[in-house]
Every structure is written in structure tokens, then in C-alpha cells.
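In: sequence and computational prediction follow.
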There are 2 protein chains.
Amino acid sequence: MTARSTNTGEGSGAQDPHRDIPEATVARLPVYLRALTSLAERNIASCSSEELATAAGVNSAKLRKDLSYLGSYGTRGVGYDVDYLSYQIAREIGVTHDWPVIIVGIGNLGQALANFSGFSSRGFRTVALLDAAAPMQGQTVAGLEVRPFADLAEIVAAEQVSIGVISVPATAAQDVADAMVAAGISSILNFAPAVLNVPPGVDVRKVDLSIELQILAYHESRKAAEAVETVDNGSEEGITA
Amino acid sequence: MTARSTNTGEGSGAQDPHRDIPEATVARLPVYLRALTSLAERNIASCSSEELATAAGVNSAKLRKDLSYLGSYGTRGVGYDVDYLSYQIAREIGVTHDWPVIIVGIGNLGQALANFSGFSSRGFRTVALLDAAAPMQGQTVAGLEVRPFADLAEIVAAEQVSIGVISVPATAAQDVADAMVAAGISSILNFAPAVLNVPPGVDVRKVDLSIELQILAYHESRKAAEAVETVDNGSEEGITA
DNA sequence: GCGAGTTTGTTCTCGCGGTCACAAACTCCG
DNA sequence: CGGAGTTTGTGACCGCGAGAACAAACTCGC
């Protein structure tokens, strides 16, 4: 491989050929991991890049290139060992051990997130639910007691939490983010429809339901417009005789 | 509110200079729209690209370039009229009228989505909730009765639904998607952690909570690794005095 | 009316990411 | 043991998108 490498000595894992994995690849690694898990559950021990790519819904060339950033974990002429590759991806992502997560804002969405099995199943452990509203506090959601928002710093310190989920109304989101950062959290998953301002070094990922719908609406509008145009053209001169 | 629809006289539009707006821009237009709405609520009638860009969390050059794809709706030396630009963006996205939406899968997440005000507030109207499980059917969620999944085609036809939301377990997602496509839905927002196979012409957007968390975990891992490296290097030779 | 100041719209450049195509490397079979 | 077949890993190419810089156009003050 072209990596002039000077391969870090390090010896054991040979795990950082470059150390700089493209962001687009990082976003796909979890998809590959899920596809591999699905294969493993069906007792499939090895697979080709073509099979895995199909399961993950991507191009096989793209998959191979993505995996090549991690190292050469396949065997030419054979394919990939499912368990081995699973472990390598999990290790690269950092989900070989569990990450403690807190959720702030236990409204409808927060409760759904707390109950969401996908969180706990794959490398994440919800350690606390917080809400500023008194009526929620003390109630039990998904087996966890809802605690006051004021306990944030204490919990983060005690549980070594570095990932926080924000599911509060937009107006409160920035305050929650500030408090999280102050408490030492450095990665935030934000469900509130608001732009968060955070200091450098803190990662924010945004999940915005209404934006997703609006993007769909845009394409839907275009489809409708195109349909009209096609009909117009069709009535005039037909389509590609 | 901002959508005083009968404006613009239809004729003077000049609204489709290219008709091909880059995907990245489309994804940001809803953010601009939200920022504009926020400005309007504070009775701000006009703003510069710099102000709007700050509110939307982007670069001002990028914002101007994005807006230029829609047309020249600003005034040099002045800025943008908030209401006018809002309407132009809304029209381009296609949210000047309401889009009927159905939600399939009324579990924790589905209920949260049904209750989510962001859906109804900005151009979307939830017309039906569907679930295949008998216990849910007939119950009322967010003011709507949960109906059997089998009613899908009937409802889609009756209400002219073109956007569907999937919030069922991963194992059922493909079946639901197939049924939606068969019923005539051409845009799907998928919350299930599964790769959906749909025919061309159907748009699918995916919101995957555990993938988002895993991406955060990756960066968190790297931050931790870098911190260790920095300490190591620091003890040896310090950092670029 | 005109110059100074301001802000938009656009052009240019650069880097990331996606795709193709092919060499390298492994297995299998005769 | 060697050749055929298969599959990975990667080099090359291309197009999109981000960012900077600048010209065009508008307002304001005199």
C-alpha cells in the first residue's frame, strides 16, 4: 500500500495504517458492522465484498476502498471472515467496549430514545435520564429513574460520560449543550431543531426530523413538476420515438 | 403566517433558472428557512447574508451561493427581505402547501413522531397512524386513531399521500416499504435500522440513531487516542514551542 | 448628481469522495 | 506443479462542493 507508513512500530495490532479515515467512510462503517452482524446471526462465516456490499446497500468498490482504510483484512480470491472483520470495524469505531450515554429531555422523544433497544444493543449504555421539569423527575422510564437536570455535572463526572443526547425543545437546547460541555461531555447527539454553538473539540451530530421531511418534500415537488412536464411534452411530440 | 400564498402573481416568477439545485444545498435550505422563521418571529424584517449565515450555522459565502441557485432574491448593499426570502425558499422546497404524511409503526418512536410538533408545524400533516399489532389498533395517539396496517393502500389513495414514515422494527421495514411503494408512496423516511430496497423513482431518507452514536464514538475514540499521544509527545519533546 | 460604503452574486481554485478498471494474490483442480 | 478462475486492494480519473476573492449593484450623505 502506498502509505509510506513508517509503521509506528507498535507491533501488536497494526491498527493505524493512516489514522485518518475519511468522514464519509466513517459514516458507513456502522452500516457494514450491522450487515456483518446480520450475516453472523445467520451463521455465515465468510463473505465476498459483493455480498457484503449488497447487504449494506452500497457499491462493492466503495466497500473495498472503505475497508482498505482500516487495513487489509480480506483474503484475495476468498473474501472476508465475518467475525474477524466485525471485530476490526468495531475496534476501529471504538465500540468494543460500552460507552456511557446520558439523555437530557425526557419528553415523548426522550422516552422513545430511552426505550430504544438499538442504543443499548450496540456499544452504548444509557446511564441516566435527566429532565428539568419537576413532574417528570422521580418517574421511572425504561428502568431508569428520571433525575433533575441539575445533577448533570455530578453524573457525568461519576460515570465518565462523554456522549450526551439532547431531546429538549429548541429553546432549551443551547443551554443544555452549554451545561453538557461545561460538565465535560465532548460528543453531542442533538435532536432539537436548533443550531448549537459549541467550542472546538466538541462534536455535534444533528438529527432533524422536519428537515428530513422537507428534503423529501423537495424531491417530491420536483417529481410532480417533472410529471407535468412529461405529460406536456408527451402530448406534443411523444417521447423518444 | 409567513405563507401568504396568493402572492407573487405567478407570472413574474423567474423561479427556475436552472432547476437543478445541488443536493447539499437542498439539505441546507430547510435550515435557512428555520432561521428566517426565527428572525421573523422577532420582527426582524431584513437581514444580511452574514446575519442569516450565523443564525443557520454556516459560512456566509456558502449561504449566498446556495441562495443564488434559487435566483437573485437579495438586494446588493442591503440584504434579504426576511418574509420574501422565506416564501421563495418555502416555494422551492415545496412546503407552501401541506403534505399529507402517514406513520407506520406506532411503538415508542412512532408515538413520539406522531406527537412531534415539528412535523405538523412546517408543511406536514399526519393523516393516519398505522400498526400491524392488534393491541395498538383503535387506540388514540396524538388525536388520531391507530388503524390496521392493512388499510394502508386505501388511506394513501383517499388522502393522496406521497410521503410515508417507517418506524417499525428492522425485520418488518422492507415489507412495509414494499407495501408503501405498491400503494403509491414515492418518498419514505425510514427510522428502522435496515437497508431498504426500493424501485427507482422512490426516495428514501434514513435516520439511524445508533449509527449516529457510533460515528460520535469513533471521533470520541480518536480524541482519547490523540490525548494519549499528545501526552506522550509532550513528555518527550514538547509541542511546537 | 456623485462618490463612498456596503452587500450580493459569481468566478476560480482546490480537495474530498465516488467510480472504474486492473494488477496482485489466493484457491482449486487436473 | 502450473494454469485457470476468483476476489481483494489500489491507482487513476472525474465531478461535486467548500471557500476565498472580486466585480456588480444598491443606498446614503452631501
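Out: Cool, got the structure. Numbers count the residues shown, from 1 in each chain, chains lettered A, B, ... in the order given.
In: which helices and strands does the helix or strand bottoming out on mean pLDDT in chain A pack with?
Out: Across the helices and strands of chain A, mean confidence by mean pLDDT, DSSP states H and E is lowest for helix A:117-121: a mean of 74. Helices and strands touching helix A:117-121, by 3 or more C-beta pairs under 8 Å, 6 or more residues apart in numbering or on different chains; DSSP states H and E, are helix B:209-237. Glycine gets a C-beta too; all of them are placed from N, C-alpha and C.
In: tell me if the helix it packs on is near chain A.
Out: Yes. Judged by C-beta under 8 Å from any C-beta of the partner chain, helix B:209-237 comes into contact with chain A at B:209-223.
In: closest to chain A out of the residues you listed?
Out: Among those, B:Ser221 lies closest to chain A (C-beta to the nearest C-beta), at 3.0 Å.
In: spatially nearest residue to that closest one (excluding sequence neighbours)?
Out: A:Gly94 (3.0 Å; C-beta to C-beta, 6 or more residues apart in numbering or on different chains).
In: so how far is DNA strand D from that neighbour?
Out: 21 Å (C-beta to the nearest atom of the strand, to the nearest Å).
In: and that residue, what pLDDT?
Out: Listed pLDDT for A:Gly94 reads 95.
In: which residues touch the nearest residue to A:Ala45 once chain neighbours are set aside?
Out: For A:Ala45, ignoring the flanking residues on the chain, the nearest one in space by C-beta to C-beta, 6+ apart is A:Val82 at 5.8 Å. Applying C-beta atoms under 8 Å, 6 or more residues apart in numbering or on different chains, we find A:Val82 in contact with A:36, A:39-40, A:44-47.
In: for stretch A:111-126, which positions count as buried?
Out: A:111-116, A:118-120, A:122-124, A:126 (16 or more other C-beta atoms under 10 Å in any protein chain shown).
In: can you report phi and psi for A:Leu144?
Out: Dihedral pair for A:Leu144: phi -120, psi 140, per degrees, to the nearest 10.
In: quickly list what the nearest residue to it once chain neighbours are set aside is bridged to.
Out: In this structure, A:Leu144 finds its nearest non-sequential neighbour in A:Leu129, 5.1 Å apart by C-beta to C-beta, 6+ apart. For A:Leu129, the beta-bridge partners are A:Ile103, A:Val146 (DSSP bridges).
In: got the residues of chain A near DNA strand C?
Out: A:22-25, A:58-59, A:61-62, A:64-65, A:75-78 (C-beta under 7 Å from any atom of the strand).
In: can you add distance to B:Pro100, neighbour count and pLDDT and give those back as JSON lines?
Out: Output for the residues of chain A next to DNA strand C, formatted as JSON lines (distance: C-beta to C-beta, whole Å; neighbours: other C-beta atoms under 10 Å in any protein chain shown; pLDDT from 0 to 100):
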{"residue": "A:Pro22", "distance to B:Pro100": "39", "neighbour count": "12", "pLDDT": "97"}
{"residue": "A:Glu23", "distance to B:Pro100": "36", "neighbour count": "10", "pLDDT": "97"}
{"residue": "A:Ala24", "distance to B:Pro100": "34", "neighbour count": "9", "pLDDT": "97"}
{"residue": "A:Thr25", "distance to B:Pro100": "38", "neighbour count": "18", "pLDDT": "98"}
{"residue": "A:Val58", "distance to B:Pro100": "32", "neighbour count": "17", "pLDDT": "97"}
{"residue": "A:Asn59", "distance to B:Pro100": "34", "neighbour count": "14", "pLDDT": "96"}
{"residue": "A:Ala61", "distance to B:Pro100": "40", "neighbour count": "11", "pLDDT": "97"}
{"residue": "A:Lys62", "distance to B:Pro100": "36", "neighbour count": "15", "pLDDT": "98"}
{"residue": "A:Arg64", "distance to B:Pro100": "42", "neighbour count": "16", "pLDDT": "98"}
{"residue": "A:Lys65", "distance to B:Pro100": "41", "neighbour count": "13", "pLDDT": "98"}
{"residue": "A:Thr75", "distance to B:Pro100": "51", "neighbour count": "11", "pLDDT": "96"}
{"residue": "A:Arg76", "distance to B:Pro100": "52", "neighbour count": "6", "pLDDT": "96"}
{"residue": "A:Gly77", "distance to B:Pro100": "53", "neighbour count": "6", "pLDDT": "95"}
{"residue": "A:Val78", "distance to B:Pro100": "51", "neighbour count": "10", "pLDDT": "96"}
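In: which ones among the residues you listed are found in helices?
Out: Under the assignment DSSP state H, the residues of chain A next to DNA strand C contribute A:23-25, A:61-62, A:64-65 to helices.
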